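Q: okay, here's the prediction I keep looking at, along with the sequence it came from:
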Amino acid sequence: MDGIGATHIDHIVISSSDAAVVADTFRRNLGIEIKRTMTRPGTGAQLAFAKLQEIILEFAGPPAPKPGDEVKARLWGIVLAVRDIRAAVERLRSLGYDVGDPKPAVQPGALIATIKSGTHGVPFALIQYGTPPATPGAAT
Amino acid sequence: MLTKIHHVGIVVHSADEALKFYRDALGLPVTADKVIDDQGVRGVLLQIGNSEIELLEPTRDDTGVARFLANRGEGMHHICFESDDVAKELEAARQKGIELIDQAPRLGLAGMICFLHPRSNHGVLIEFATPIEGQHGH
């Protein structure tokens, strides 16, 4: 079957009003280990990360949560890992989807591109780690 | 013990329309496609790596999935964690005082499943699943 060369779900993003509180709730309720926290460069967004096998759970929240407010969270978006992001973007565009140009991701050496249309309500992005395979256009 | 993310559930108006993106454009293979009458949904599972994406199309208006669609529109609905013993996970959640939707595991598209109430997780709906051998790819 033709496709974009997606290998796995890389990230599932959980957006919230307080990333640290939500990550801690998942730790307590589900026994998930929070492996890393960071502040996103540029935006100051607070991030916490857990990993189950190949999938990273990313808890995202604002730079300065408002104390006392009820903490709310929701499943927000999905990032798919692909072998060759340029080939994947080209294929989706050829099918009529609006896809942004690949740009450097926060992860060193990675490229990320956002799918801006046709995803049925789910913010979607593609990420490529490292260099693509040698065969040009091998996106299946 | 929760071993991996089994799938993420996405509510859509029409699974057939959504498959144009998830199956045809992304190239993800369909591993199950079934109408679950008692839940009032058509569920379609698509394989991606070691996990799956589940498309949920309401088949009636009086279900939680239909209300989700009416209130919020299409989008991510739940996240499902796989366990080798869903009953044990459910009991552990009960012992922690977590509010439950299901008081006992039941049969679902992903195997034996149960849901925790989103109120206990800041609004995020969480499912546990133990796949049944030979049911589909898991």
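A: Alright, I've got the coordinates. If you're wondering where the values come from, they're calculated on a predicted model, not measured in any experiment. Numbering: from 1, shown residues only, chains lettered A, B, ... in the order given.

Q: look up the residues forming beta bridges with the closest residue to B:Ile132 other than its chain neighbours.
A: Excluding the flanking residues, the one nearest B:Ile132 by CB to CB, 6 or more residues apart in numbering or on different chains is B:Gly111, at 4.5 Å. From N, CA and C alone the C-beta is placed, and that goes for glycine too. In this entry, B:Gly111 is beta-bridged to B:Gly108, by DSSP bridges.

Q: and A:Ile56, how far from A:Asp98?
A: Between A:Ile56 and A:Asp98 the distance is 25 Å, computed by CB to CB, to the nearest Å.

Q: more neighbours: which of those two?
A: Remark: of A:Ile56 and A:Asp98, A:Ile56 carries more neighbours, 18 against 11, as counted by other CB atoms under 10 Å in any protein chain shown.

Q: in the sheet, who's paired with the nearest residue to that one once chain neighbours are set aside?
A: In space, A:Ile56 comes closest to A:His11 once its chain neighbours are excluded; the distance is 4.8 Å by CB to CB, 6+ apart. A:His11 has these beta-bridge partners by DSSP bridges: A:Ile56, A:Val79.

Q: hmm, back to that, can I assume the residue nearest to B:Ile132 is in contact with B:Pro131?
A: Yes: counting by CB atoms under 8 Å, B:Gly111 touches B:Pro131, with 3.9 Å between them.

Q: who has more neighbours out of those two?
A: Remark: of B:Gly111 and B:Pro131, B:Gly111 carries more neighbours, 21 against 18, as counted by other CB under 10 Å.

Q: any idea how far chain A is from the more buried one?
A: 17 Å (CB to the nearest CB, to the nearest Å).

Q: residue of chain B nearest chain A, please.
A: Of all residues in chain B, the one sitting closest to chain A is B:Gly27 (1.5 Å; CB to the nearest CB).

Q: which residue is the nearest non-sequential neighbour of that residue?
A: A:Gly3 (1.5 Å).

Q: so what pLDDT did the residue in chain A positioned nearest to chain B get?
A: Nearest to chain B in chain A, going by CB to the nearest CB, is A:Gly3, at a distance of 1.5 Å. pLDDT for A:Gly3: 89.

Q: what's the answer for the one 3 residues further on, then?
A: The confidence metric pLDDT takes the value 96 at A:Ala6.

Q: that one contacts A:Leu80, doesn't it?
A: Yes: look at A:Ala6 against A:Leu80 with CB under 8 Å: they come within range, at 4.6 Å.

Q: mind checking how far B:Ala110 is from A:Ser94?
A: 33 Å.

Q: more neighbours, the two?
A: B:Ala110 (26 against 9).

Q: which elements pack onto the helix or strand of chain B with the lowest mean pLDDT?
A: Every helix and strand of chain B was ranked by mean pLDDT, DSSP states H and E. The lowest is strand B:106-108, at a mean of 90. Secondary-structure packing of strand B:106-108 (3 or more CB pairs under 8 Å, 6 or more residues apart in numbering or on different chains; DSSP states H and E): strand B:111-116.
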